[in-house]
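Trainee: Here's my sequence, what's the structure:
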Amino acid sequence: MKTVPDATVEKPVAEETVGVSEPDTGLIEPEVIEEPEPFADIQTETVIISDQRTKVGFLLPLSGRHKAVGQALLNAAQLALFDVSGEKFDLVVRDTAGTPTGARRAMESLVSERVDLVIGPLFATSVSAVTPLARSAGINVLSFSNDQAVAGDGIYVLGLTPEEQIRRVVDYAAAQGLRRVAVFAPDNVYGRRIVSALQIQSYGSGVEITRLGFFNPDVQDLTEEVKAIANYDQRHQALLSQKANLKGRKDAASRKALRRLRGRDTLNPPDYQAIIIPVGGKQLLTVAPLLNYFDVDPSQVKYLGTALWNNPKLGREPALVGGWYAAPSPAHWDSFKDRYRVLYGKVPPRIVSLAYDSVALAAVVARQAESQSVAVSYSQSVLTNPQGFSGLDGVFRLHTDGRSERGLAILTLERDLINVVEPAPVTFTPLVN
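Mentor: Numbering: from 1, shown residues only. Next up, the predicted model:
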């Protein structure tokens, strides 16, 4: 095996690192998880060959604004090569500079190299830039984007999509009897995808969207927006009216009821049993306590999130403790993270698992074909094996329309901990034609 870059790639050096914090890539595409035994029983296509090598292109932002993420993805790919690659597998690395123009030029280089498959690029705009070249050359692409709009006709998106996360967490909440749902989303493309996914999920599922709110993600003070999604003013006024009514009565039961209302700000919970808050980091730490302040009590209303919640430090906010979100299983992340840190001296961003899984998939397909003395094929029938594959992220499979499907766990935040509420599936149900 070897890595063929357009610039020198250094061998990882073991290094002890203390007190390294988890980097924040700023990417919408969250990430994740688990160590081999990956990729069993991959289908191959039988064509007798001579002693030829397999070349897989790898498009990464190794310069420019996102070069640190690109280097981390390359590091994970090197680990996959070490773990599962055969001797006749070459990874041909090209720098996209994190731009559509750079991606297109890098793709032109890979086409001239006559690669068998392309892995990457990272962003949807770069995927769109390389798509015409890939289709013209008949090369399938395993991109790291999570934007389903760029998928199809040989272009696959491996990123964890918000649609998948919403389907999983809402299905689980509904199974627990929580069917009236609100959503408080950023007013941007990501937030609108969340709302659209929830609306689709509500059809025929018994889930009702009882309240919908958007907020400007660039505004720090969200007091009025949170107050509105909490329906606080109406609920507070209902309390005042009830108190006035009870004060007008002189019977013992009314006086007792009035005493029970002391210290309360609202009369009833909001008209939803769960609220989806699809943000992470500082935004989540702004919204969650405000919701609690405006009497959206997490003991009465379940807080739901996405993989953007996948940070145990968020559990230090009391309002988030016990909330649910959908993400790949964290079972083996710590061991992979520790291995990466020893080799590269840094804690990896979680998105690196996409690089590990895609390179491992490509390498194992090549190795199995080599062992059977048949030509390596990355055709649609091979890539869309309905049984799927097992990698660091758990089980996943690709669909003919370019979407990826993942087995996600339901997780919950505790203080400085993430616990599994419901494990991720380890196999897929058969596809229905």
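
Trainee: alpha carbons only for contacts and neighbour counts from here, please
Mentor: OK.

Trainee: Counting neighbours, what do you get for the nearest residue to Thr161 once chain neighbours are set aside?
Mentor: Counting by CA to CA, 6 or more residues apart in numbering, Asn146 is the residue found nearest to Thr161 once chain neighbours are left out, at 5.0 Å. Per other CA atoms under 10 Å, the neighbour tally for Asn146 reads 24.

Trainee: Quick check, Asn146 in contact with Val157.
Mentor: Yes - at 5.6 Å, Asn146 and Val157 qualify as touching, with contact defined as CA atoms under 8 Å.

Trainee: Quick check: what element follows the top helix by length along the chain along the chain?
Mentor: Ranked by number of residues, the top helix in the chain under DSSP state H is helix 352-371. Where DSSP states H and E defines the elements, the next helix or strand beyond helix 352-371 is helix 380-383.

Trainee: List the residue ranges of the stretch 251-400 of the chain that fall below the pLDDT cut-off.
Mentor: For the stretch 251-400 of the chain, residues meeting the criterion pLDDT under 70 lie at 254, 257-258, 261, 263.

Trainee: which residues of it fall in helices?
Mentor: 252-260, 281-293, 333-344, 352-371, 380-383 (DSSP state H, counting those that start in this stretch).

Trainee: quick one, the fourth one and helix 333-344 angle?
Mentor: Our comparison of helix 352-371 with helix 333-344, counting by axes from the mean of the first three to the mean of the last three CA atoms, to 10 degrees, yields an angle of 80 degrees.

Trainee: How far does helix 352-371 sit from its chain's centre?
Mentor: 21 Å (CA atoms, centre = their mean, to the nearest Å).

Trainee: again, but for the last one
Mentor: On the basis of CA atoms, centre = their mean, helix 380-383 sits 23 Å off its chain's mean C-alpha point.

Trainee: quick one: buried residues of it?
Mentor: Across helix 380-383, burial judged by 16 or more other CA atoms under 10 Å covers Leu383.

Trainee: Go through the helices of the stretch 251-400 of the chain and name the closest to Thr101.
Mentor: Among those, the nearest to Thr101 by CA to CA is helix 352-371 (21.8 Å).

Trainee: For Ala182, which three-state class applies?
Mentor: Under DSSP: H, G, I helix; E, B strand; the rest coil, the three-state class of Ala182 is strand.

Trainee: Sorry, slip of the keys, the one I care about is Thr429.
Mentor: coil.

Trainee: Same question for Leu62.
Mentor: Here Leu62 is coil, with the state taken from three-state DSSP.

Trainee: and it, how many residues sit next to it?
Mentor: Neighbourhood size, Leu62 [other CA under 10 Å]: 22.

Trainee: which residues touch it?
Mentor: Counting by CA atoms under 8 Å, 6 or more residues apart in numbering, Leu62 touches 68, 70-71, 95-98.

Trainee: Make sure I have this right: the residue nearest to Thr161 is in a helix.
Mentor: No - read with three-state DSSP, Asn146 is coil and lies in no helix.

Trainee: that older thread, show me which of the contacts of Leu62 are buried.
Mentor: Among those, those classed as buried by 16+ other CA under 10 Å are 68, 70-71, 95-98.

Trainee: Now the residue of the chain most remote from its centre: which helix or strand?
Mentor: What lies farthest from the middle of the chain is Lys250; by CA atoms, centre = their mean that is 58.3 Å. Lys250 belongs to no helix or strand when elements are defined using DSSP H and E.

Trainee: for the helices of the stretch 251-400 of the chain, which one ends up most surrounded?
Mentor: helix 352-371 (a mean of 24; mean count of other CA atoms under 10 Å).

Trainee: could I get that helix in PDB with only the CA atoms?
Mentor: Output in PDB follows, covering the C-alpha atoms of helix 352-371 (Å, rounded to 0.1, in the frame of the first residue of the first chain):
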ATOM      1  CA  VAL A 352     -12.600  12.000  10.700                       C
ATOM      2  CA  SER A 353     -14.600   8.800  11.000                       C
ATOM      3  CA  LEU A 354     -16.000   9.500   7.500                       C
ATOM      4  CA  ALA A 355     -12.500   9.400   6.100                       C
ATOM      5  CA  TYR A 356     -11.600   6.200   8.000                       C
ATOM      6  CA  ASP A 357     -14.800   4.400   6.900                       C
ATOM      7  CA  SER A 358     -14.700   5.500   3.200                       C
ATOM      8  CA  VAL A 359     -11.000   4.700   2.700                       C
ATOM      9  CA  ALA A 360     -11.400   1.400   4.600                       C
ATOM     10  CA  LEU A 361     -14.400   0.500   2.400                       C
ATOM     11  CA  ALA A 362     -12.500   1.200  -0.800                       C
ATOM     12  CA  ALA A 363      -9.400  -0.700   0.500                       C
ATOM     13  CA  VAL A 364     -11.400  -3.800   1.500                       C
ATOM     14  CA  VAL A 365     -13.300  -3.900  -1.800                       C
ATOM     15  CA  ALA A 366      -9.900  -3.800  -3.600                       C
ATOM     16  CA  ARG A 367      -8.300  -6.400  -1.300                       C
ATOM     17  CA  GLN A 368     -11.200  -8.900  -1.700                       C
ATOM     18  CA  ALA A 369     -11.100  -8.500  -5.500                       C
ATOM     19  CA  GLU A 370      -7.300  -9.000  -5.400                       C
ATOM     20  CA  SER A 371      -7.700 -12.200  -3.300                       C
END
